[in-house]
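Enquirer: I would like the atomic coordinates for the input below:
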Amino acid sequence: MGLFLIVLMCVATVLLIRNMNKRIRRLPDSFPVASERDRVSEIAHDEGVAHRSGAVPADEVETGRSAAPAQVKDAEVAGVRDEPGAPGARGEAERA
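Expert: From the prediction side, this is the model:
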């Protein structure tokens, strides 16, 4: 009876090793980087939320709607001059 149990355990071990080797061979050579995987899952989650919230699908959105106007002025503040004693202020000599 003991010999039967030993043979049975050896057969089970061989079968388990073969099965694990097959599964290991099926694995990819490398897995995606964690940040890439997180980004993909976040995009999938956002698309699912947008789909459930009743948002308009991307193919139905007007394409030129968010385009910038042809002539865009500089967004910086134009009316403020550097004060002479302020930290980081540049003098006229430095600007030239």
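Enquirer: Residue 22: neighbouring residues, count only.
Expert: 9 (other C-beta atoms under 10 Å). For the C-beta atoms, the positions are set from N, CA and C on the backbone; glycine is no exception.
Enquirer: wait, I meant residue 38
Expert: Neighbours of residue 38 under the rule other C-beta under 10 Å: 11.
Enquirer: Give me the distance between it and residue 45.
Expert: 10 Å (C-beta to C-beta, to the nearest Å).
Enquirer: Over to residue 14?
Expert: With the distance defined as C-beta to C-beta, residue 14 ends up 44 Å from residue 45.
Enquirer: repeat for residue 31
Expert: 20 Å.
Enquirer: And for residue 8?
Expert: Taken as C-beta to C-beta, the span from residue 8 to residue 45 is 48 Å.
Enquirer: now residue 23
Expert: In terms of C-beta to C-beta, residue 23 sits 29 Å off from residue 45.
Enquirer: To what extent is residue 47 buried, counted in neighbours?
Expert: 13.
Enquirer: Report pLDDT for it.
Expert: Note for residue 47: predicted pLDDT of 71.
Enquirer: quick thing: my sequence starts at 6, can you match it?
Expert: Yes, from this point I'll number from 6; that puts the last item at residue 52.
Enquirer: quick one: secondary structure of it?
Expert: Classification of residue 52 using DSSP: H, G, I helix; E, B strand; the rest coil returns helix.
Enquirer: Next, the contact list for it, please.
Expert: Going by C-beta atoms under 8 Å, 6 or more residues apart in numbering, residue 52 touches no other residue.
Enquirer: how close does it sit to residue 44?
Expert: 13 Å.
Enquirer: same check, this time on residue 51
Expert: Residue 51 is 10 Å from residue 44, by C-beta to C-beta.
Enquirer: Got the phi and psi for residue 37?
Expert: Note on residue 37: backbone dihedrals following degrees, to the nearest 10 are phi -60, psi 150.
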